[in-house]
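K.L.:
The sequence isn't on hand, but the structure is:
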């Protein structure tokens with residue numbers, strides 16, 4: 001069985017949208033065969049910074065920003081998004 005959630009609509013409150021994204025991602029991972037990872041696609045980088053999180057950014061306004069991002073701890077120990085590819 002395979003599950004892929006649709007992106008949360010852009011008009012949703014950002015806090016609720018991030019919660020739904022996390023929950024949909026967890027549901028998707030529960031149905032994903034072992035060894036296979038599918039990252040959530042987002043139109044903006046999430047405001048909630050969770051070190052270790054990975055997303056694929058698909059920015060409709062600035063396609064040069066599209067790519068894979070990881071949240072890492074900076075020198076102050078706070079999470080920040082870094083473009084991987």
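P.N.:
Happy to help now that I have it. Since the model is a prediction, treat every value here as computed from it, not as a measurement.
K.L.:
Figure out the helix or strand that the residue nearest the centre of the chain lives in.
P.N.:
Taking Cα atoms, centre = their mean, the centroid of the chain lies closest to residue 55, which sits 3.4 Å from it. Under DSSP states H and E, the secondary-structure element containing residue 55 is strand 54-57.
K.L.:
gap between that strand and the chain center?
P.N.:
When distances are taken as Cα atoms, centre = their mean, to the nearest Å, strand 54-57 is centred 4 Å away from the chain's centroid.
K.L.:
helices and strands around that strand, which ones?
P.N.:
Secondary structure elements in contact with strand 54-57, counted by 3 or more Cβ pairs under 8 Å, 6 or more residues apart in numbering; DSSP states H and E, are strand 41-42, strand 67-73. For every residue, glycine as well, the C-beta is placed using N, CA and C.
K.L.:
hey, which helix or strand in this structure has the poorest pLDDT?
P.N.:
Of all the helices and strands that make up the chain, helix 14-30 has the lowest average by mean pLDDT, DSSP states H and E, namely a mean of 84.
K.L.:
which stretches of this structure have low pLDDT?
P.N.:
Under the criterion pLDDT under 70, the flagged ranges of the chain are 1-4, 35.
K.L.:
Now tabulate the helices and strands packed on strand 54-57 in CSV and tack on mean neighbour count and distance to residue 32.
P.N.:
Formatted as CSV, the entries for the helices and strands packed on strand 54-57 read as follows, by neighbours: other Cβ atoms under 10 Å; distance: least, Cβ to Cβ, whole Å:
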stretch, mean neighbour count, distance to residue 32
strand 41-42, 16, 15
strand 67-73, 16, 17
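K.L.:
got those as TSV, with distance to residue 59 columns?
P.N.:
What follows is the helices and strands packed on strand 54-57, written out as TSV (distance: least, Cβ to Cβ, whole Å):
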stretch	distance to residue 59
strand 41-42	9
strand 67-73	9
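K.L.:
circling back to that earlier point, so in that sheet, which strands flank the strand holding residue 55, and in what orientation?
P.N.:
Listed by DSSP bridges, the sheet partners of strand 54-57 and their directions read strand 41-42 (parallel), strand 67-73 (antiparallel).
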